[in-house]
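Q: sequence unknown, structure follows:
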């Protein structure tokens with residue numbers, strides 16, 4: 001089944017880090033977070049600093065130029081280059097907040113398809129210019145940070161379509177530049193979901209998930225993106241590469257493992273076949289609190305070893321709970337966010353059994369259970 005393009009643009013992002021420019025914390029929220037951090041570290045609240053303006057960050061002129069046949073794909077706009085000059089690791093965000101972005105790409109190139117990707121890589125190889133694949137720019141390991149030499153950032157945002165949904169096999173053919181919400185929007189009309197939610201979901205792409213071997217929430221079953229990949233297509237400096245599409249194989253090492261977790265070092269992922277599932281219509285959820293982290297760990301271990309498979313089973317220690325506004329700044333309970341999902345089956349009995357088991361390990365129901 002062919003599917004129309006769904007771009008799913010996330011809106012105007014901040015240039016320096018996470019979030020949207022028009023969805024920032026207000027002054028009261030910033031002050032409250034400052035108080036939480038000050039109490040946690042035993043210091044006086046600091047004074048928030050405004051992010052640097054892009055116009056205040058000095059940039060050198062581009063050192064390279066694409067040939068006329070590719071120039072229409074490129075941008076040398078200062079803000080465009082600056083946005084592609086760093087990832088979203090803590091150190092990246094802190095540096096960018098202060099306008100410290102030491103290396104930016106000379107050009108930002110936005111290919112329209114795999115043919116464009118191949119032509120750009122051919123030129124880069126001939127011109128000895130580094131090419132850094134760029135999906136959502138959310139890397140926290142320096143994966144999109146340009147080197148010091150001549151560099152182009154290959155932004156895949158135009159590769160933004162669900163190409164096909166195979167309803168018989170429960171799989172979808174998706175281009176690598178689709179952001180997480182766009183993938184879900186593209187599958188939703190037919191009643192399907194990828195059901196893969198890394199913390200960067202709103203701002204990261206399918207290609208980035210594959211290149212980094214990302215893990216997600218709702219992960220007590222399939223945990224990493226490689227659990228969902230059937231086939232990968234990529235363009236390398238030596239030509240195009242596509243793995244054979246299979247639901248599973250026992251024939252030795254999986255070719256997909258060459259690119260899963262490769263961080264863009266071996267080629268540019270352009271599209272992939274991924275396993276999808278019917279959207280859940282039944283859901284049961286609850287939040288539980290444990291007096292100690294050890295009790296929480298014992299409870300979750302018992303839950304999983306008892307054969308239960310919640311769709312979401314996330315522990316928040318007291319620090320993370322406080323930072324998310326779910327606990328006091330000076331420490332509190334360890335929280336468990338628990339959920340079960342199914343295409344249609346009722347789940348009240350399953351969540352009740354889970355709560356009963358967790359109570360044996362000191363858990364107290366803080367919220368729920370709620371059923372829908």
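A: Looks like it came in fine. From a predicted model like this one, the values you see are computed outputs, not experimental measurements. Residues are numbered from 1 along each chain as shown.

Q: In space, what's closest to residue 312 - neighbours in sequence excluded?
A: residue 339 (3.9 Å; Cβ to Cβ, 6 or more residues apart in numbering). For glycine as for every other residue, the C-beta is placed from the backbone atoms N, C-alpha and C.

Q: Any stretches of the stretch 1-150 of the chain with poor pLDDT?
A: Confidence mapping of the stretch 1-150 of the chain against pLDDT under 70 gives the ranges 1-11.

Q: 90 instead, please
A: The model of the stretch 1-150 of the chain has pLDDT under 90 over residues 1-12, 17, 19, 21-50.

Q: just the strands in it please.
A: 74-75, 107-109, 130-134 (DSSP state E, counting those that start in this stretch).

Q: Can you list the strands that the shortest one pairs with?
A: Just to be clear, that refers to strand 74-75. strand 107-109 (antiparallel) (DSSP bridges).

Q: So which bits of the partner strand are buried?
A: Using 16 or more other Cβ atoms under 10 Å as the test for burial, strand 107-109 gives 107, 108, 109.

Q: wait, which of the residues you listed is closest to residue 25?
A: Relative to residue 25, the closest of the buried residues of strand 107-109 is residue 108; by Cβ to Cβ it sits at 28.7 Å.

Q: Can you verify my assumption that that closest one contacts residue 79?
A: No - look at residue 108 against residue 79 with Cβ atoms under 8 Å: they stay out of range, at 10.0 Å.

Q: one step back: and the strands of the stretch 1-150 of the chain, which is most packed in?
A: Greatest average neighbour count among the strands of the stretch 1-150 of the chain goes to strand 107-109 (a mean of 24), per mean count of other Cβ atoms under 10 Å.

Q: Distance to residue 228 added to the strands of the stretch 1-150 of the chain, as TSV?
A: Converted to TSV, these look like this (distance: least, Cβ to Cβ, whole Å):
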stretch	distance to residue 228
strand 74-75	33
strand 107-109	29
strand 130-134	20
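
Q: closest to residue 199 out of these?
A: Here strand 130-134 is closest among those (Cβ to Cβ), at 19.0 Å.

Q: Give the pairing partners of that closest one; include direction for each.
A: In the sheet, strand 130-134 lines up with strand 151-155 (parallel) (DSSP bridges).

Q: And the helix or strand following the partner strand, what does it pack against?
A: Sequence-wise, the next helix or strand downstream of strand 151-155 (DSSP states H and E) is strand 162-166. Helices and strands touching strand 162-166, by 3 or more Cβ pairs under 8 Å, 6 or more residues apart in numbering; DSSP states H and E, are strand 171-175, helix 180-187.

Q: Most tightly packed of those?
A: It is strand 171-175: most buried of the helices and strands packed on strand 162-166 by mean count of other Cβ under 10 Å, with a mean of 25.

Q: List of residues touching it?
A: Residues from elsewhere that reach strand 171-175, judged by Cβ atoms under 8 Å, 6 or more residues apart in numbering: 3, 156, 159-166, 183, 186-187, 192, 194, 206, 230, 247, 270-276.

Q: so what's residue 260 up against?
A: Residue 260 neighbours (Cβ under 8 Å, 6+ apart): 210, 211, 213, 225, 226, 229, 232.

Q: Could you list which of the residues you listed belong to helices?
A: By the criterion of DSSP state H, membership of the contacts of residue 260 in helices covers 210, 211.

Q: surely residue 346 meets residue 282?
A: Yes - taking Cβ under 8 Å as the definition, residue 346 is a contact partner of residue 282 at 6.3 Å.

Q: between those two, what contacts are shared?
A: Taking Cβ under 8 Å, 6+ apart as the contact rule, residue 346 and residue 282 both touch residue 371.

Q: confidence score at the nearest residue to residue 188 once chain neighbours are set aside?
A: Leaving aside its sequence neighbours, residue 188 sits nearest to residue 279 (Cβ to Cβ, 6+ apart; 7.1 Å). Listed pLDDT for residue 279 reads 92.

Q: again, but for the one 4 residues further on
A: At residue 283 the predicted local distance difference test score is 91.

Q: is it in a bridge, and if so with what?
A: Going by DSSP bridges, residue 283 forms beta bridges with residue 341.

Q: Contact partners for it?
A: 339, 340, 341, 347, 371, 372.

Q: who wins for neighbours among the residues you listed?
A: Within the contacts of residue 283, residue 340 tops the neighbour count with 25 neighbours, counted by other Cβ atoms under 10 Å.
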